[in-house]
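Colleague: Return a 3D structure for these sequence lines:
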Amino acid sequence: MGLYRANIRMLGKLVVVTAGMFAFGYALVPLYKAICEMTGINILALGDRNIPGATANTPANTQVDTSRTITVEFDANARGPWEFKPAQRSLQVHPGEMATVMYEFQNVQNRRMAAQAIPSYAPQQAGAHFNKLECFCFSQYTLEPGEKKSWPVVFVIDPKLSKDVRTITLSYTFFEVGGKTPPAPVADARPHLVSGSGT
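Modeller: Numbering: from 1, shown residues only. The predicted structure is shown next:
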């Protein structure tokens, strides 16, 4: 009989501990939100306020320099019998603003092909400030005969780029992997690509 009572008492304690843990788990969510709001982290609190139609003001992205506009021109060169081109020829962006352009590719050969792209920039100084977050140039691709693909380039231009640079040309050369790798294209330093501050 003593063993039965001891087991009942132990079962009661386990039920209480389980219920307490369950309640504590539910209490953590509002507690975490309160801590985020007090410390200014606002990971969850901002997510709640960013619902469409919400009236609360969200922090502005202070990294975007809206006082400047840079024209980014897109170019494509293919080393081989295939089609490779940007979906649009140019795009205007502010430094610090994330932008996306699509490049289109088709293997027009009657055999499977592995290929990769090499980027280049004009003016050359822009290359150090042209940050690609996503780019098909990071990898090699294998395409079947006649296969078409569209690949994105997601980029941000560093606001530290010289104010004299108002136009950047992003050029890709697409070549077959396994063949002779072409040299990086020479930047076309046409006068209209870089405008001096005095012009």
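
Colleague: what element comes up after the helix or strand bottoming out on mean pLDDT in the chain heading to the C-terminus?
Modeller: Sorting the helices and strands of the chain by mean pLDDT, DSSP states H and E puts helix 43-49 at the bottom, at a mean of 41. Counting by DSSP states H and E, the next helix or strand C-terminal to helix 43-49 is strand 70-79.

Colleague: And that next one, what's buried?
Modeller: 70, 72, 73, 74, 75, 76, 77, 78, 79 (16 or more other Cβ atoms under 10 Å). Quick note: C-beta positions are derived from backbone N, CA and C, even for glycine.

Colleague: Equivalent analysis for stretch 161-170, please.
Modeller: 161, 165, 166, 167, 168, 169, 170.

Colleague: Could you tell me how far residue 165 is located from residue 118?
Modeller: 22 Å (Cβ to Cβ, to the nearest Å).

Colleague: Give the other helices and strands that the helix or strand that contains residue 176 contacts.
Modeller: Take DSSP H and E as the rule and residue 176 turns out to sit in strand 167-176. When contacts are defined as 3 or more Cβ pairs under 8 Å, 6 or more residues apart in numbering; DSSP states H and E, strand 167-176 packs onto strand 70-79, strand 113-122, strand 148-157.

Colleague: 6 Å - rerun?
Modeller: The contact analysis (3 or more Cβ pairs under 6 Å, 6 or more residues apart in numbering; DSSP states H and E) places strand 167-176 against strand 70-79, strand 113-122.

Colleague: what sits up against it?
Modeller: 71-80, 84, 113, 115, 117-120, 122, 126, 182, 185, 193 (Cβ atoms under 6 Å, 6 or more residues apart in numbering).

Colleague: partners of that strand in the sheet?
Modeller: Under the criterion DSSP bridges, strand 167-176 sits next to strand 70-79 (parallel), strand 113-122 (antiparallel) in its sheet.

Colleague: Which among those strands is found nearest to residue 147?
Modeller: strand 113-122 (8.9 Å; Cβ to Cβ).
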